[in-house]
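Participant: Please work out how this folds:
(chains A and B)
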There are 2 protein chains.
Amino acid sequence: MADEFDYIRWLRQRIPGDVRVPIGPGDDAAALRLTSGLETLVSTDMLMDGIDFRLAEADPRLVGRKALAVNLSDIAAMAGEPVAAVISVALPITGGRRLGEELFLGMLSLAEEFHTALVGGDTNSWHGPLVLSLTVIGEAARPVTRAGARPGDWLFLTGPVGGSILGRHLRFVPRIREARQLAELTEIHAMIDVSDGVAADLLHLCQESGCGALLRAGSIPLAPEAFEVPSELSPLQHGLFDGEDFELILAVDEGTGQRLVAEQPVPGIKLTHIGECVKSGLWLESEGNRLPLEPRGFVHQLE
Amino acid sequence: MADEFDYIRWLRQRIPGDVRVPIGPGDDAAALRLTSGLETLVSTDMLMDGIDFRLAEADPRLVGRKALAVNLSDIAAMAGEPVAAVISVALPITGGRRLGEELFLGMLSLAEEFHTALVGGDTNSWHGPLVLSLTVIGEAARPVTRAGARPGDWLFLTGPVGGSILGRHLRFVPRIREARQLAELTEIHAMIDVSDGVAADLLHLCQESGCGALLRAGSIPLAPEAFEVPSELSPLQHGLFDGEDFELILAVDEGTGQRLVAEQPVPGIKLTHIGECVKSGLWLESEGNRLPLEPRGFVHQLE
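Facilitator: Numbering: from 1, shown residues only, chains lettered A, B, ... in the order given. Just a heads-up that it's a prediction; the model follows:
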């Protein structure tokens, strides 16, 4: 029988020191030395067994990895650089110690890859399902919001979409590096990561920007898994409506858009021009027809 | 039937603007403008129905208030000033919208009292029990850790303890102001807030400081509720072992300790001298006898 304090001791032995972290795990709060002059970014995401993953089926290291990755993806969507993360967890009592270790090891490897210090958290146990809640602190000189897109802007996607449920939602690489490179090369008007689905997240971007968007059906880059999901939906529908692709949608002016298409300046990804911003509405152009695009996908319901 | 986005719209209408928050709720991350030259504090706490509160019995506004208050208490324990909070929540689907509103309103009033901007979060629903996870970002020029106490230091408690389960755990005022005043008036060697219990948290402070402590039974300030809890424990045992008092334990040198006793320089609280740091061990002196003090109280178990 072990308890939260044994687990915390185990964690602390495995967390490397970091010059940005004068006070790490084990005190009432962590302390960070952030870069002066930059804005501080804060993003939080909660993941629950049965909703965001199925612990009975998934490798717990990948579950831990995902819990950090979705938060890093939010920092990427602001064109920011992650600095530190705190991790709160409600572990099932039975098997909780081993599960906690596996979750942590999955986080740690991704944290090291993206230079993110794990600086603290809150360890709980209960008879309920696993719940993880992470908060990532990041930095950016000029964060890119969802709110700056204008009619006429070109819309891009950083990679193929659809069918992430077949495994990519646990293994995707947050687009931290790519977003930073893009933000250095060009002025991004607005950006969002695809967590709810291309159509749903594009709608969020349009709502915040006060514009609409037109997507071209033939231009949406589809992942191989969009063709493999057993369902009644078409591959294009999987591309438009599946969530958790964690690619980025971005809006730039037309001239920049033409340059991005011609130069493909970001190593490792293909930037795909998927449509344009318009005055209002969300539209899909398919074989010469322009049809209203209704976002679908998973939404948390409240009664 | 409503969903997470209706709820988020409702929240955004109620969150006041703040010059420290260039990007508030509704984007992929919030952005903060923190004070340059100060260290950034990060604290996180998760609360679960059935463990940290009983939703069937408690006013949901007080539950929301507590979720923020316990995090503010951690910032207080570092002698910091809170700046902003993010809130992740897993709401039960049935009744979730109304519950979410009540939780938020309970947080908002405490947030305003302590000048803490609510800058974002993650709203989820499920068929499980309510889970709340908050992260507070704070600042301090020189954070006070658990690690600086030395043998000979005097130990103080900022208020009476015991029996908080009778209601104080939902209504306590985090000692933000008092800790800041103390830190300005004097050099605090080490500090911790009482969440696990006086004995358990004193042990944490001692472990981090590499020393021991001796408490005097007759000096522990007991709350009226310590005498009222129906149990087989004595009032003193409730004072030593009950959790969630959220008063602060602090260690200062003897000279400072004498001055604090004589001057009581912090308005609104009585600083009580409860014992001293010693070389090793945790001891209780009672009627001339010195007995080993074994912390008891709630600990999250992991199998």
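
Participant: which residues touch the nearest residue to A:Glu225 once chain neighbours are set aside?
Facilitator: Residue nearest to A:Glu225 in three dimensions, not counting chain neighbours: A:Gly163, with 2.9 Å by Cβ to Cβ, 6 or more residues apart in numbering or on different chains. Just so you know, the C-beta spots here come from the backbone N, C-alpha and C atoms, and that holds for glycine as well. A:Gly163 makes contact with A:Ala223, A:Pro224, A:Glu225, A:Ala226, A:Phe227, A:Glu228, A:Val229, A:His238, A:Asp242, according to Cβ atoms under 8 Å, 6 or more residues apart in numbering or on different chains.

Participant: Next up, the contacts around A:Leu271.
Facilitator: A:Phe156, A:Leu157, A:Thr158, A:Leu260, A:Val261, A:Gln264.

Participant: Which among the contacts of A:Gly163 count as buried?
Facilitator: A:Ala223, A:Glu225, A:Ala226, A:Val229, A:His238, A:Asp242 (16 or more other Cβ atoms under 10 Å in any protein chain shown).

Participant: returning to that earlier point: distance check, the residue nearest to A:Glu225 against chain B.
Facilitator: A:Gly163 sits 23 Å away from chain B, taking Cβ to the nearest Cβ, to the nearest Å as the criterion.

Participant: ditto for A:Gln181
Facilitator: Distance from A:Gln181 to chain B, by Cβ to the nearest Cβ: 18 Å.

Participant: Also A:Leu293?
Facilitator: Distance of A:Leu293 to chain B, given as Cβ to the nearest Cβ: 17 Å.

Participant: Isn't that residue up against A:Leu240?
Facilitator: Yes: with contact defined as Cβ atoms under 8 Å, A:Leu293 reaches A:Leu240; the gap is 7.2 Å.

Participant: Find the residues that touch each one of the two.
Facilitator: Common neighbours of A:Leu293 and A:Leu240 (Cβ under 8 Å, 6+ apart) are A:Ala199, A:Leu215, A:Leu284.

Participant: Just put these in CSV and tack on secondary structure and distance to chain B.
Facilitator: CSV is the format used below for these (DSSP: H, G, I helix; E, B strand; the rest coil; distance: Cβ to the nearest Cβ, whole Å):
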residue, secondary structure, distance to chain B
A:Ala199, helix, 14
A:Leu215, strand, 20
A:Leu284, strand, 21
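
Participant: Check those against B:Leu38 and report the nearest one.
Facilitator: Of all the shared contacts of A:Leu293 and A:Leu240, B:Leu38 sits closest to A:Ala199, with 42.7 Å by Cβ to Cβ.

Participant: Using the three-state scheme, assign the closest residue to the closest one other than its chain neighbours.
Facilitator: Once flanking residues are discounted, A:Ala199 sits nearest to A:Pro295: 4.1 Å by Cβ to Cβ, 6+ apart. Three-state call for A:Pro295 (DSSP: H, G, I helix; E, B strand; the rest coil): coil.

Participant: Quick one: residues contacting A:Pro295.
Facilitator: A:Asp196, A:Gly197, A:Ala199, A:Ala200, A:Leu202, A:Leu203, A:Phe241, A:Leu282.

Participant: By proximity to chain B, which residue of the stretch 151-300 of chain A wins?
Facilitator: Closest approach between the stretch 151-300 of chain A and chain B, counting by Cβ to the nearest Cβ: A:His300, at 4.1 Å.

Participant: Now for that residue, how many residues are close by?
Facilitator: Other residues within reach of A:His300, judged by other Cβ atoms under 10 Å in any protein chain shown, total 19.

Participant: Show the pLDDT at it.
Facilitator: A:His300 is assigned a predicted lDDT (pLDDT) of 83.

Participant: Just the buried positions in stretch A:43-54, please.
Facilitator: For stretch A:43-54, by 16+ other Cβ under 10 Å, it's A:Ser43, A:Thr44, A:Asp45, A:Met46, A:Leu47, A:Met48, A:Asp49, A:Ile51, A:Asp52, A:Phe53.

Participant: what's the nearest residue to the last one once chain neighbours are set aside in contact with, if anything?
Facilitator: For A:Phe53, ignoring the flanking residues on the chain, the nearest one in space by Cβ to Cβ, 6+ apart is A:Val63 at 4.9 Å. Shown here is A:Val63, whose contacts under the criterion Cβ under 8 Å, 6+ apart are A:Leu47, A:Phe53, A:Leu55, A:Leu103, A:Gly106, A:Leu130, A:Leu132, A:Leu170.

Participant: quick one: which of those residues sit in strands?
Facilitator: Taking DSSP state E, the ones among those that sit in strands are A:Leu47, A:Leu132.

Participant: Now for A:Glu184, how many residues are close by?
Facilitator: A:Glu184: 10 neighbours (other Cβ under 10 Å).

Participant: Spell out, range by range, the strands that occur in the stretch 151-300 of chain A.
Facilitator: A:154-157, A:190-193, A:212-216, A:248-252, A:272-278, A:282-286, A:289-292 (DSSP state E, counting those that start in this stretch).

Participant: if we can go back for a sec, compare the contacts of A:Val63 and tell me which is most surrounded.
Facilitator: A:Leu132 (28 neighbours).

Participant: for the spatially most central residue of chain A, phi and psi?
Facilitator: In chain A, the centroid-proximal residue (Cα atoms, centre = their mean) is A:Ser73; its distance is 2.9 Å. Backbone geometry at A:Ser73, expressed as degrees, to the nearest 10, gives phi -60, psi -40.

Participant: near chain B, which residues of the stretch 151-300 of chain A?
Facilitator: A:Met191, A:Ile192, A:Asp193, A:Glu208, A:Val299, A:His300 (Cβ under 8 Å from any Cβ of the partner chain).

Participant: ok, 7 Å please
Facilitator: Those residues of the stretch 151-300 of chain A that sit near chain B, judged by Cβ under 7 Å from any Cβ of the partner chain, are A:Ile192, A:Asp193, A:Glu208, A:Val299, A:His300.

Participant: Sweet, I'm off.
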